[in-house]
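S.K.: heads up, no residue letters with this:
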């Protein structure tokens, strides 16, 4: 909390809706008031709070709105600047609430509830290549967004996805560099011959592409209260251990931050892995937002159902981005023989189909058995018979069927369909679809780090 004490001068506050943290130190000089030392602290990010959605302040200086605009993750209208006399500042957050409550009152958005559950992390894929196939930590995640500021109040915000050429250009650069989303550097030569090491990050790009694919898949932007927290590895491990999750996972869902649901991501990995991990965790998040059938990790059969939803979202979002950018997201690269990968994963599904403590293996199997045994999905089974792979939209239909189930019928559904007997009945069907996905594609692009989506119908 800020304290004005008896200092003279003015406090200039740029206000807007609370959307989380950003790398706002890129945009001008941020300053904040240190109530202990009674002085201005430079280059600090001002944490939002439930009363005043303030991100940064400037002391005894004119506020440069144009510079500050770039710092926002999400704007409902042009920023508003309020000038407050420090000498009369009442040290009461209710003062801010009363002062700012009408500023954005004419803006309309769709509300979206948020859950408070913690989810099962996404595991590393069990896919196998052929034998011949070849930091300075920060306590807050970087959470960029593609949302565009709206210049006039009273307008419903429309999400603007990346244009196809722009998305392709971004991916081409990322794949060519082959760098991690966070924690990478590049070395260049200055005009005087000295070497310069520059930090390179792709956090903005990964969020932009995820949000674009989500929009193209669902027809809606991602919920306003859903965000990806992209962390350096050291901070990710610390936060993950605090919440009782194993740091071996690349991402997990979710924790609540400032009213948002945050997917926690170790961003010191290459782009394809991070994108698929965010897509997977978004499936968990959407499940809880739309139908929070259980809390925590869930119990018994529900855990397998949740993982099936997440795997469906992961594959659907990645395949949609592949469709949009003409990149392979449905065929095994040449370095990953489809028969070998089916055989390896079949053993895992077969041996763990009755083990409720192995929800990930059971989640994959559940998706296949739904399509083979559920009469309500017969049209999707025909699609799979014809194309060997489901479209992103069809995967979303499967996910939504599971999401719509309440706890008791959901558990009964999984218990009935997820049996070893039914798995063996469907073996030829499953094997035929997976092994038909061979290709001569190079090991590159969206599948370079993880081909787990190829094990999904």
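M.R.: Done, it's in. Predicted model, so just to flag it, every value in this text is computed and none were measured. Numbering: from 1, shown residues only.

S.K.: in this protein, which spans are strands?
M.R.: 10-15, 31-34, 39-42, 54-59, 80-85, 184-189, 195-200, 226-231, 251-257, 260-266 (DSSP state E).

S.K.: any idea which of those strands scores lowest on pLDDT?
M.R.: Here the strands of the chain differ in mean pLDDT, and the lowest is strand 54-59 at a mean of 37.

S.K.: where does the record place the domain boundaries for this protein?
M.R.: 10-100, 164-455 (automatic domain parsing).

S.K.: now the stretch 151-300 of the chain, which segments are flagged as low pLDDT?
M.R.: Using pLDDT under 70 as the threshold, the predicted model of the stretch 151-300 of the chain has low-confidence ranges 151-157, 293-298.

S.K.: now the helices: where do they sit in it?
M.R.: Listed from the start of the chain, the stretch 151-300 of the chain has helices (DSSP state H, counting those that start in this stretch) covering 164-177, 203-218, 233-242, 271-290.

S.K.: can you redo those as JSON lines with distance to residue 372 and mean neighbour count?
M.R.: (Each C-beta comes from the backbone N, C-alpha and C, glycine too.) As requested, the helices of the stretch 151-300 of the chain are arranged in JSON lines below (distance: least, CB to CB, whole Å; neighbours: other CB atoms under 10 Å):
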{"stretch": "helix 164-177", "distance to residue 372": "34", "mean neighbour count": "15"}
{"stretch": "helix 203-218", "distance to residue 372": "24", "mean neighbour count": "22"}
{"stretch": "helix 233-242", "distance to residue 372": "36", "mean neighbour count": "17"}
{"stretch": "helix 271-290", "distance to residue 372": "21", "mean neighbour count": "26"}
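
S.K.: check contacts around the nearest residue to residue 271 once chain neighbours are set aside.
M.R.: Nearest-residue entry for residue 271: residue 174, 4.8 Å, with adjacent residues in sequence omitted and distances by CB to CB, 6 or more residues apart in numbering. Residues near residue 174 by CB atoms under 8 Å, 6 or more residues apart in numbering: 202, 205, 271.

S.K.: pretty sure the second one contacts residue 271?
M.R.: Yes. Under the criterion of CB atoms under 8 Å, residue 205 is in contact with residue 271, at a separation of 7.4 Å.

S.K.: just to revisit the earlier point, okay, the residue nearest to residue 271 and residue 361: tell me how far apart.
M.R.: Plainly put, residue 174 is 31 Å away from residue 361 if you go by CB to CB, to the nearest Å.

S.K.: re the thing from before, now distance to residue 380 too, for the helices of the stretch 151-300 of the chain, in JSON lines please.
M.R.: What follows is the helices of the stretch 151-300 of the chain, written out as JSON lines (distance: least, CB to CB, whole Å):
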{"stretch": "helix 164-177", "distance to residue 380": "27"}
{"stretch": "helix 203-218", "distance to residue 380": "16"}
{"stretch": "helix 233-242", "distance to residue 380": "36"}
{"stretch": "helix 271-290", "distance to residue 380": "18"}
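
S.K.: of those, which is nearest residue 300?
M.R.: Using CB to CB as the criterion, the shortest distance between residue 300 and those is 16.1 Å, found for helix 271-290.

S.K.: roughly how far does residue 222 sit from residue 213?
M.R.: From residue 222 across to residue 213, the span is 10 Å (CB to CB).

S.K.: and if you look at residue 236?
M.R.: 23 Å.

S.K.: quick one: the longest helix seen in the chain to helix 164-177, angle?
M.R.: Using DSSP state H to assign secondary structure, the helix with the most residues in the chain is helix 301-325. Comparing the axes of helix 301-325 and helix 164-177 via axes from the mean of the first three to the mean of the last three CA atoms, to 10 degrees yields an angle of 100 degrees.

S.K.: okay, angle between helix 301-325 and strand 251-257 too, please.
M.R.: Using the same axes, to 10 degrees, helix 301-325 lies at 100 degrees relative to strand 251-257.

S.K.: run the angle between helix 301-325 and helix 203-218 for me.
M.R.: Between the axis of helix 301-325 and that of helix 203-218 there is an angle of 100 degrees, by the same axes, to 10 degrees.

S.K.: torsion angles phi and psi at residue 449?
M.R.: In terms of degrees, to the nearest 10, the main-chain angles of residue 449 are phi -100, psi -20.

S.K.: thinking it is in contact with residue 272, fair?
M.R.: Yes. Contact status for residue 449 versus residue 272: in contact at 4.3 Å, counting by CB under 8 Å.

S.K.: which residues are in contact with the closest residue in space to residue 349 that isn't next to it in sequence?
M.R.: Take residue 349 and drop its neighbours on the chain: the residue closest to it by CB to CB, 6+ apart is residue 365, 4.4 Å away. For residue 365, the contacting residues are 349, 353, 418, 423, by CB under 8 Å, 6+ apart.

S.K.: quick revisit: pick the most deeply packed of the domains of the chain.
M.R.: Among the domains of the chain, domain 164-455 has the highest mean neighbour count (mean count of other CB atoms under 10 Å), at a mean of 19.

S.K.: span of it from start to end?
M.R.: The first and last residues of domain 164-455 sit 27 Å apart, counting by CA to CA, to the nearest Å.

S.K.: and for stretch 370-384?
M.R.: Using CA to CA, the span of stretch 370-384 from its first residue to its last is 12 Å.

S.K.: which outside residues touch it?
M.R.: So stretch 370-384 is contacted by 308, 390-391, 394, 397-398, 401, 417, 422, 425-426, 429-430, 433, 457 (CB under 8 Å, 6+ apart).
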